[in-house]
Structure formats: structure tokens, C-alpha cells
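# Generate coordinates for the sequence data below:
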Amino acid sequence: MQFKQWITYFSVGLLTATLAISSQAAIWSSSEVHYSSGDYLNFANDKHDVTTSIITFQHASGHKYGKNFFFVDHSRSDTGSGFYGEWYSTFSLGAITGSDMSFGAVKDVGLIAGFNFAPGSNSMHTLPGVSLALDLPGFAMANLDITGYNNIKTDGSSGEESSYMLDFNWAYPFKAGGLSWSVEGHAEYIAGRDMKDNSGKCEDWILMQPQVRMDLGEALGNEAGNFFVGIEYQYWKNKYGVKDKNESMVQLQTVWNF
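Numbering: from 1, shown residues only. Got it, this is the predicted structure:
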């Protein structure tokens with residue numbers, strides 16, 4: 001079976017299993033559809049001249065012993081289209097052991113298992129590690145994830161050596177001008193790594209994707225928490241690990257939560 005077929009079947013199966021589990025055992029759940037549009041870095045000429053639209057399906061849910069989060073992007077531009085996805089399951093050591101795991105600004109410690117897949121590049125990554133749930137004033141959620149970053153190639157090529165990732169993800173809701181807003185997103189650092197065949201190196205990168213959202217549904221007199229508009233700023237130093245290929249751009253965004 002070809003990799004694209006395998007990953008499609010795997011993703012559908014994973015999604016089906018997640019929704020089945022959520023319907024039985026979820027304490028809370030949230031699903032969103034995002035539409036974003038912006039001008040992305042074109043590696044051929046270093047200009048932000050590739051207008052790209054992205055449709056994202058995102059799901060998060062919590063159960064007695066932890067939480068799940070995943071998203072799948074479908075991007076389309078004049079240069080082509082493709083899929084990319086990430087999955088993370090976190091298991092709370094506090095909930096599992098019944099012990100208080102808090103210290104300082106940390107309110108709980110969890111074990112996290114991550115999986116990133118990019119069918120177009122015949123590549124995936126596993127990200128096992130630790131997740132620190134942070135108790136920060138005003139934040140709806142804030143986590144610091146510390147994981148490995150392990151490449152798996154499915155086309156017979158050698159791929160990359162392993163490295164590690166640090167990821168801070170958050171959501172901060174607030175009121176301004178009588179409207180409901182939220183600043184949320186994530187910032188990650190992935191350490192540089194050599195190619196296994198000594199053909200080169202993937203540089204360390206920094207990727208930041210903060211969003212500012214306004215609850216448009218509430219502003220129009222409808223139920224709050226369902227429809228948002230806003231912008232996302234993306235900064236990517238050494239994009240895809242390519243030295244000095246840096247991206248700085250703003251995307252327009254709409255979000256439907258259900």
C-alpha cells in the first residue's frame with residue numbers, strides 16, 4: 001500500500017476512534033473549522049508571493065485521565081495543494097496517581113505522545129515527552145511541552161537524526177470595547193539535526209503563530225463562542241530547517257466552533 005493511502009486510512013481510523021471515545025467518555029470537547037489566507041514564503045525567490053488558502057479541522061477533548069488534541073490542514077495555492085496534520089495525547093500524572101503534582105507555576109505534569117504527518121513528503125515524526133500544565137493568571141489554558149522529535153521516512157530514504165522540541169501553547173480570553181476577544185496560539189523551538197546520510201543539516205527553527213480573535217457571533221447578538229474572526233501572525237526562522245529562510249506574515253482567519 002502506498003504511503004498516501006496508508007496515512008489516509010490511518011487518519012480516518014484515528015478520527016473515528018477519537019470521536020467514538022469522546023462520545024462515550026469525554027468530559028469536555030471542542031471542534032473547530034478554520035479558514036485562513038495569506039502570502040507564504042516562496043523558496044524559489046524568497047518573496048511572500050504565494051497566496052495560499054488553508055482549511056483546518058481541529059478537535060480537542062478531555063477525559064478522566066487526560067486530553068487529546070489534533071488538527072488536519074488542507075492547503076491550496078497556484079503551486080499545488082497538500083495535507084498536514086498533528087496529533088497529541090496527554091495523560092495527567094496527577095489524575096492517574098491521585099497525587100498533587102503541582103509546584104511553582106506548574107499545576108500538573110503529564111506524559112505526552114505526539115505524531116506529525118506530512119504525506120506529500122513521505123515523512124512523519126513521533127514526539128514523546130512531558131507536558132507541564134501552567135497556572136497563569138487570566139489564561140484559559142497554558143502548557144509547556146518538552147518532547148523528542150524523531151523522524152520516520154517511509155520511502156526508503158534515510159531521513160533526519162533525532163532532536164527535541166519545546167512548545168508553549170496558550171489561550172488568553174479578555175473583554176475590550178464590550179466585545180469578547182482571545183489571544184491564543186503557540187510558539188515552538190525545534191533543535192537542529194543532521195541528516196543520517198551526512199548529506200546536510202536541518203537548522204534549528206523557531207515557529208510562532210499567535211492569533212487574535214473576536215467573537216463576531218456574540219457581537220451580532222447571537223450565541224457566544226460559535227463564530228470568530230481575526231488574524232494570525234506567523235514568524236518562522238529557518239523555515240523547514242533551511243538556513244536563513246525566514247518568514248514573517250499575517251493571515252486573515254475565520255473560525256467556526258461547534
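
# Glu232 belongs to a strand, doesn't it?
Yes. Residue state for Glu232 (DSSP: H, G, I helix; E, B strand; the rest coil) corresponds to a strand.

# Which residue ranges of the stretch 151-258 of the chain form strands?
Residue ranges of the strands in the stretch 151-258 of the chain, as given by DSSP state E, counting those that start in this stretch, are 163-176, 179-190, 193-194, 201-202, 205-208, 211-215, 227-237, 247-257.

# winner for burial among those strands?
Neighbour counts (mean count of other Cβ atoms under 10 Å) averaged over each of the strands of the stretch 151-258 of the chain peak at strand 211-215, with a mean of 20. No exception for glycine: its C-beta is placed from N, CA and C like everyone else's.

# For Glu86, what is the enclosing helix or strand?
Per DSSP states H and E, Glu86 falls inside strand 80-92.

# Which elements pack onto that strand?
Helices and strands touching strand 80-92, by 3 or more Cβ pairs under 8 Å, 6 or more residues apart in numbering; DSSP states H and E, are strand 66-77, strand 106-118, strand 123-134.

# I'd like to check what contacts that strand. Which residues are they?
11, 14, 65-75, 101, 108-120, 127, 131, 133, 145 (Cβ atoms under 8 Å, 6 or more residues apart in numbering).

# Give the buried subset of these as a PyMOL selection command.
Buried residues within the contacts of strand 80-92, by 16 or more other Cβ atoms under 10 Å, are selected in PyMOL with:
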select buried, resi 11+66+67+68+69+70+71+72+73+75+101+108+109+110+112+114+115+116+117+118+119+127+131+133+145
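
# Tell me which of the helices and strands packed on strand 80-92 lies nearest to Trp256.
strand 66-77 (14.0 Å; Cβ to Cβ).

# what's the offset of that closest one from the middle of its chain?
For strand 66-77, the separation from the chain centroid amounts to 7 Å (computed by Cα atoms, centre = their mean, to the nearest Å).

# pLDDT on the longest strand seen in the chain, on average?
Across the chain, the longest stretch assigned as strand under DSSP state E is strand 47-63. Regarding strand 47-63, the rounded mean pLDDT is 88.
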